[in-house]
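In: the following comprises the amino acid sequence and a computationally predicted model.
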Amino acid sequence: MTIYDIAKIAGVSASTVSRVANHKPGIKEETRKQIQALLDEYDYRPNETARGLVNQSSKMIGILITDIRYAHHVDIAYYIEEELEKQGYCSLILNTGLSDEKKVHAIKLLSQRRVDGVILVGSTFQCDAVKAALASCFRKEPVVITNGYLELPNVKGVLVNEQEGMEACVRLMAKKGHTKLAFVLPNHTPSNLSKEKGFQTGMEALGWKREDLWIYTSPTTLEDGKRVTEQILNDHPDVEGIIFGEDLAAVSGIRLLVDKKIPVPRQVAVIGVDNSKYCDICYPKLTSLNNKLVEMSFEAARILLDDLEGRKNPEKIMLFSSIVEREST
């Protein structure tokens, strides 16, 4: 059923039906009710593509994620999509992978789809290749990065102070009597390097020299979490605490410690980052740095919608992390 079919049945012009369907003024109330009844009866929905050609808007937002298997980033995309949908926007979510080439390719795909705006999930998009692609493909459309920022006139960033949060994690460990600490860096994204810097600063405050710190790099998988924990125990049998850059590795680290009958947290305490669902389903339950996933998601969606509607926001908004203490400390 098209707008022309509705118009023929109602005995009015197609433009009159269009005004009713799009909630425009200038129609007699009796005529509006008659046409609305027909629209409801035939379950008419406006053609968004055709509407977009007129309004110069696709009502579509592009959301880029590097790895859709990573629960933390998927949850961010979920909350963003929910907020955008409430305002009538459809989300196009693409999995880019970690390589710069694939990130740039995804940005070009979104440009071809003529999305109204873009949200990039994660600090890994804070790189020169992405900056150049955005400058080329999205000169005017609003772009928001979660936990990252790029210096472009149309880009906004929603950041979380994870460095300060990591310093607080070190202080918590020390308060509990654990000062011989190891840190596991998931990968070299700006966000994770900020966590590493916070660990270094926190340990220096305890009297450690930076060159003596026990810092390891390991992918965030269950197997790699066990492997790096085993390596830490072999290298430093006197380790008193391990701080993992992400929860999933921390959970598998706890599993290994429990299997080896090493008491957690009495002998080795464990902290993760993300405050994810994993924290409450492992044993003992995992203490984690809450980097404000929900708040960050809502802020990213709000800022993008504000930009689309002409409302201004600062280039960067900083959220502050907090520790959710559970049984592993």
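Out: Received, thanks.
In: where along the chain do the helices fall?
Out: 3-10, 14-21, 29-41, 48-55, 71-86, 100-112, 128-137, 162-175, 190-205, 222-235, 247-259, 278-281, 293-308 (DSSP state H).
In: in terms of mean pLDDT, which of those ranks lowest?
Out: For the helices of the chain, mean pLDDT drops lowest on helix 48-55, to a mean of 50.
In: and among the helices of the chain, the most buried is which?
Out: helix 247-259 (a mean of 23; mean count of other Cβ atoms under 10 Å). Where C-beta positions appear, they are placed from N, C-alpha and C, glycine not excepted.
In: ok and it relative to helix 71-86, angle-wise?
Out: 140 degrees (axes from the mean of the first three to the mean of the last three Cα atoms, to 10 degrees).
In: contacts for helix 247-259?
Out: 71-72, 184, 186, 218, 220-226, 228-230, 242, 244, 264, 268, 270-276, 278-279, 282-284, 286, 288, 328 (Cβ atoms under 8 Å, 6 or more residues apart in numbering).
In: centre of the chain to that helix, how far?
Out: 24 Å (Cα atoms, centre = their mean, to the nearest Å).
In: could you do stretch 232-248 as well?
Out: For stretch 232-248, the distance to the chain centre is 27 Å (Cα atoms, centre = their mean).
In: touching, Ser18 and Tyr4? I think so.
Out: No. Under the criterion of Cβ atoms under 8 Å, Ser18 makes no contact with Tyr4, lying 10.2 Å away.
In: on that earlier part again, so for Ile93, which of the helices of the chain sits nearest?
Out: Among those, the nearest to Ile93 by Cβ to Cβ is helix 71-86 (5.7 Å).
In: burial count for Arg69?
Out: 9 (other Cβ atoms under 10 Å).
In: relative to Leu98, how far out is it?
Out: Taking Cβ to Cβ, to the nearest Å as the measure, Arg69 falls 12 Å from Leu98.
In: now do Glu325
Out: 32 Å.
In: likewise for Gly198?
Out: For Gly198 relative to Leu98 (Cβ to Cβ), the value is 23 Å.
In: for Ile281, same thing?
Out: 27 Å.
In: got it, and Pro263?
Out: Taking Cβ to Cβ, one finds Pro263 at 37 Å from Leu98.
In: what does Leu39 give?
Out: 47 Å.
In: next: Asp306.
Out: In terms of Cβ to Cβ, Asp306 sits 30 Å off from Leu98.
In: what's the answer for Ala174, then?
Out: Ala174 is 34 Å from Leu98, where distance means Cβ to Cβ.
In: repeat for Ala135
Out: Using Cβ to Cβ, Ala135 is found at 21 Å from Leu98.
In: same thing with Cys137?
Out: For Cys137 relative to Leu98 (Cβ to Cβ), the value is 20 Å.
In: Arg139 contacts Val155, doesn't it?
Out: No. Under the criterion of Cβ under 8 Å, Arg139 is not in contact with Val155, lying 11.1 Å apart.
In: these two: which has the busier surroundings?
Out: Val155 (22 against 10).
In: hey, what's the residue lying closest to the more buried one once chain neighbours are set aside bridged with?
Out: Leaving out its chain neighbours, the residue that sits closest to Val155 by Cβ to Cβ, 6 or more residues apart in numbering is Val143, at 4.7 Å. Beta bridges link Val143 to Val118, Val155, judged by DSSP bridges.
In: what about the nearest residue to Lys316 once chain neighbours are set aside, how many neighbours?
Out: If the residues on either side of it in the chain are set aside, Lys316 comes closest to Gly157, at 4.7 Å by Cβ to Cβ, 6+ apart. Gly157: 23 surrounding residues under other Cβ under 10 Å.
In: again with the one 4 residues further on
Out: The burial count assigned to Asn161 is 16, neighbours taken as other Cβ under 10 Å.
In: let me know whether it touches Leu319 as I believe.
Out: Yes. Counting by Cβ under 8 Å, Asn161 touches Leu319, with 7.2 Å between them.
In: quickly list what's touching both of these two.
Out: Joint contacts of Asn161 and Leu319 (Cβ under 8 Å, 6+ apart) do not exist.
In: circling back to that earlier point, and the helices of the chain as CSV, adding distance to Leu150?
Out: What follows is the helices of the chain, written out as CSV (distance: least, Cβ to Cβ, whole Å):
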stretch, distance to Leu150
helix 3-10, 42
helix 14-21, 39
helix 29-41, 44
helix 48-55, 27
helix 71-86, 18
helix 100-112, 12
helix 128-137, 5
helix 162-175, 18
helix 190-205, 11
helix 222-235, 30
helix 247-259, 27
helix 278-281, 30
helix 293-308, 14
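In: nearest to Leu213, out of those helices?
Out: Nearest to Leu213 among these is helix 190-205; the distance by Cβ to Cβ comes to 5.6 Å.
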